[in-house]
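Trainee: kindly generate the corresponding structure for this input.
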Amino acid sequence: MWNDRRPVSYRYVVDRTCYCTPAALEPFVATEQRGLKTAAFPVPFASETGLLDSPPYPLWIDDLFELIEQSALDGHSVLVEYDPRFSFPRAVDIKRDAADANDRYEIRDFEILEYR
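Mentor: Residues are numbered from 1 along each chain as shown. Below is the predicted model of the structure:
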């Protein structure tokens, strides 16, 4: 349904909680405009190598669909909440095993820049 309802251009915020680097844990703004993807921190992030304007490994909505599928195929517990209007994954919780903490990914503040 996401592919049928996807706007031409849109912007959203990505929050994640995982066993990641500090820069990967910082929320960032993702913009997808007519196939061009950009990601930026609202405020530059001070890393050990200097200020970062964008996340080192941005996560896009399409990446979340792949992550959900691969995690389920790998036998992990996956809980997904989908956006009721556009059907993208709004919140994803993945539990890899009993000892690991959950990885959580959230898409929030979804904004249409151009519909069709």
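Trainee: got phi/psi on R16?
Mentor: R16 adopts backbone torsions of phi -140, psi 150, taken as degrees, to the nearest 10.
Trainee: no no, S71
Mentor: The phi/psi pair for S71 (degrees, to the nearest 10) is phi -60, psi -40.
Trainee: residue contacts, it?
Mentor: Shown in contact with S71 (C-beta atoms under 8 Å, 6 or more residues apart in numbering): 78, 94, 96. Quick note: C-beta positions are derived from backbone N, CA and C, even for glycine.
Trainee: dig out what the nearest residue to E111 once chain neighbours are set aside forms beta bridges with.
Mentor: Nearest residue to E111, sequence neighbours excluded (C-beta to C-beta, 6 or more residues apart in numbering): R11, at 4.7 Å. Beta-bridge partners for R11, by DSSP bridges, are T31, E111.
Trainee: any idea how far W60 is from R11?
Mentor: Distance, R11 to W60, by C-beta to C-beta, to the nearest Å: 12 Å.
Trainee: again, but for F41
Mentor: F41 is 16 Å from W60, by C-beta to C-beta.
Trainee: alright, that wraps it up for me.
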